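*Asks:* I would like to see how this sequence folds:
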Amino acid sequence: MTAGWTPPPAGRVARLRGASTEAVELALTPLPEHAPAVVTFYPPPADTAAQLVACALDELERAALRLFPAWLPGAEHLEGAGGAAPAAVRALARELAATTTHFGPFLADLAERALRARQRHDDRTLVPAVAGAASVPASAAQAVAPGHRFAPEVRAAGLARVLAAGYRREQAALLVDVPDGLTAARQRALTAAAGWLAAHGSFAVWLSGAPLPAAEPVTAYPVRLPAHVTDLVATDDGGPVVRPEPPALFFPPVEGRPRADSAAETALEAALARVAWSAGRVWNRRYPARPHYVIDLVWPAERCAVEIDGAEHRGRHRFAHDRRRDVLLQLDGFAVLRFTNDQVLTELGDVLAHLEQYLRSRRTDAHKE
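*Replies:* Numbering: from 1, shown residues only. Reported below is the predicted structural model:
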């Protein structure tokens, strides 16, 4: 993983010392070769461990549904949720379970629900073929909902395996941001929930953020950040920490695909897939010249980098990281075009027109040369 940092083992709860949640996320972007699949959970205040476990499992299940079909080889070719498709996706899941540690009934049920959720989302997403007014696509959160057919222990173990498989990793880790101001009882509830998820899901659960003095102590692991993140932390101006509204769960993009948790990236890719001028695009690929940078969307031949900014980009370290990356990309000859999530979702026609105009101009200039 990052230099000098041995990640805490799976199946245990650990306290990360020496780095904020945001800094750890940046250190793990893109996921290092030997890292587990890491998702970040922002829990709500809760009085009992059972409440937190239920919330975490629901968020993890939504993530697994959105990541489909990354964790089920062959499912990307299935279209629609009618006819033979549900039976086919269940058969694929059973075949995978027969040769792995997946639990077949859980995986088959999750796969069918993911297929149906994807179809509902596709049906609600209206993509204009030409520049103009665009309808707002349904949020991925509206298109998927957790199910409770299986016991919590089965869900925890099954979801850990599915998330790891989605990123071609051996294990999954849950980075939990501890909010400020928790009462003693809520500190103990959070630590107990973390222990339950580690024991029953075999997650590596990493606690970061505010201290938990009233909770049962857990093993602390010092985090040594890579140089580019250490530099960002060293120049921190001490501004307010920006946290999403809990409960929230964030997971990294699967390389080569739009972010599964981004309605904006999903909508933009659906639009680009319909126009010939968008050929040559690559989603969420690390930049080879500077491998600790991931570009949301890039046309390598035209040296056009596109960034789509959601609320997570307002974090103080991430904002500085984005600005530094933009400068370095520009020094390498790239143009960096930035759009917000809201722009993509409410002004999709204008975004498409801007991209088309820029790409055509770069291609024209290259032809003249």
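
*Asks:* Okay, now the unreliable bits of the stretch 151-300 of the chain?
*Replies:* 237-241 (pLDDT under 70).

*Asks:* where along it do the strands fall?
*Replies:* Assigned by DSSP state E, counting those that start in this stretch, the strands in the stretch 151-300 of the chain fall at 172-178, 204-209, 219-222, 248-250, 282-287, 290-299.

*Asks:* Could you provide these in TSV, with additional columns for mean neighbour count and distance to residue 7?
*Replies:* C-betas here are computed from N, CA, C, even on glycine. Converted to TSV, these look like this (neighbours: other Cβ atoms under 10 Å; distance: least, Cβ to Cβ, whole Å):
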stretch	mean neighbour count	distance to residue 7
strand 172-178	24	7
strand 204-209	24	7
strand 219-222	13	8
strand 248-250	19	18
strand 282-287	18	20
strand 290-299	19	17
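
*Asks:* Serialize the ones you listed to TSV and add fields for distance to residue 236.
*Replies:* Shown next, in TSV, are the strands of the stretch 151-300 of the chain (distance: least, Cβ to Cβ, whole Å):
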stretch	distance to residue 236
strand 172-178	17
strand 204-209	16
strand 219-222	19
strand 248-250	21
strand 282-287	24
strand 290-299	18
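
*Asks:* now residue 232: how far from residue 23?
*Replies:* 8 Å (Cβ to Cβ, to the nearest Å).

*Asks:* any shared contact partners between the two?
*Replies:* residue 317 (Cβ atoms under 8 Å, 6 or more residues apart in numbering).

*Asks:* circling back to that earlier point, which of the strands of the stretch 151-300 of the chain sits closest to residue 256?
*Replies:* Nearest to residue 256, of all these, is strand 282-287, at 6.1 Å by Cβ to Cβ.

*Asks:* packing partners for the closest one?
*Replies:* strand 290-299 (3 or more Cβ pairs under 8 Å, 6 or more residues apart in numbering; DSSP states H and E).

*Asks:* And the contacts of the strand it packs on?
*Replies:* Contacting residues not belonging to strand 290-299 are listed as 29-30, 226, 228, 253, 259, 265, 268, 280-287, 304-308, 325, 328-329, 334, 359 [Cβ under 8 Å, 6+ apart].

*Asks:* Now do it against strand 282-287, angle only.
*Replies:* Here strand 290-299 runs at an angle of 160 degrees relative to strand 282-287 (axes from the mean of the first three to the mean of the last three Cα atoms, to 10 degrees).

*Asks:* hang on, the earlier thing: can you check which of the strands of the stretch 151-300 of the chain gets nearest to residue 78?
*Replies:* Short answer: strand 282-287, nearest of the strands of the stretch 151-300 of the chain by Cβ to Cβ, at 20.7 Å.

*Asks:* What are the phi and psi values at the closest residue to residue 37 other than its chain neighbours?
*Replies:* Spatial nearest neighbour of residue 37, chain neighbours left out: residue 167 (4.0 Å); criterion: Cβ to Cβ, 6 or more residues apart in numbering. Backbone geometry at residue 167, expressed as degrees, to the nearest 10, gives phi -110, psi 10.

*Asks:* Am I right that residue 167 is in contact with residue 32?
*Replies:* No - Residue 167 is beyond contact range of residue 32, at 11.6 Å (criterion: Cβ atoms under 8 Å).

*Asks:* the more surrounded of these two?
*Replies:* Neighbour comparison, residue 167 and residue 32: the larger count goes to residue 167, with 22 against 17 (by other Cβ atoms under 10 Å).

*Asks:* mind listing what the more buried one touches?
*Replies:* Residue 167 is in contact with 31, 37, 70, 252, 254, counting by Cβ under 8 Å, 6+ apart.

*Asks:* next one: stretch 58-74 to chain centre, how far?
*Replies:* Distance, stretch centre to chain centre, for stretch 58-74: 11 Å (Cα atoms, centre = their mean, to the nearest Å).

*Asks:* what's the answer for stretch 347-365, then?
*Replies:* The answer for stretch 347-365 is 27 Å, by Cα atoms, centre = their mean.
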